[in-house]
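>>> here is a sequence with its predicted model. Questions after.
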Amino acid sequence: MSDPLPQWLKITITEYALDDLKSLANIELKNIAIEMISKLASRELRGLRLWSNSKTGDLTGCNKVYFDLSRDISPSYRIVYQNIPSDKKPEEIIIIAVGEREDLKVYKDAIARLNKLT
């Protein structure tokens, strides 16, 4: 029998992502982002996998979740993160970038940050 997964995952927010959270436009967006991160840690929420894309670069091994002020509109914000050591058996979530999708900025930021982290 395999070891049970821990109920809550450890969260690491990179300095860059912490700056991203602080720079969100208002307190409501900040609270929603923090709630989303908490749901990732508690396994209530799972993001979508990211892949290599000619417009953003290679984000293979990363995931994303969407958020915005209202559920009635198409979400404009993303959280880009990695499950460590893997998506199948995560023990930790590393938050890499938080921000607007406009002009693919959040993804481009994530690529640049991953290059600095490795």
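Right, received. Where do you want to start?
>>> against residue 8, how distant is residue 43?
Going from residue 43 to residue 8 by Cβ to Cβ, to the nearest Å gives 8 Å. Backbone N, C-alpha and C define where each C-beta goes, glycine included.
>>> now residue 17
19 Å.
>>> what about those two, which has more around it?
Just comparing residue 17 and residue 8: by other Cβ atoms under 10 Å the higher neighbour count belongs to residue 17, 24 against 10.
>>> I'd say that one and residue 93 touch.
No. Look at residue 17 against residue 93 with Cβ atoms under 8 Å: they stay out of range, at 10.9 Å.
>>> without its sequence neighbours, what residue ends up closest to residue 78?
Leaving aside its chain neighbours, residue 78 sits nearest to residue 106 (4.6 Å; criterion: Cβ to Cβ, 6 or more residues apart in numbering).
>>> helices or strands next to the helix or strand where that neighbour lies in the packing?
Using DSSP states H and E, residue 106 falls within helix 105-117. Here helix 105-117 touches helix 15-22, strand 57-58, strand 77-84, strand 92-100, going by 3 or more Cβ pairs under 8 Å, 6 or more residues apart in numbering; DSSP states H and E.
>>> the next helix or strand after the shortest one to strand 92-100, inter-axis angle?
Same thing as strand 57-58. Sequence order places strand 62-67 as the next helix or strand after strand 57-58, per DSSP H and E. Angle of strand 62-67 versus strand 92-100, following axes from the mean of the first three to the mean of the last three Cα atoms, to 10 degrees, is 50 degrees.
>>> quick check: mean pLDDT of strand 62-67?
For strand 62-67, the mean pLDDT works out to 97.
>>> can you list the strands that that strand pairs with?
When pairing is defined by DSSP bridges, strand 62-67 lines up against strand 48-49 (antiparallel), strand 77-84 (antiparallel).
>>> thanks again, I'm all set now.
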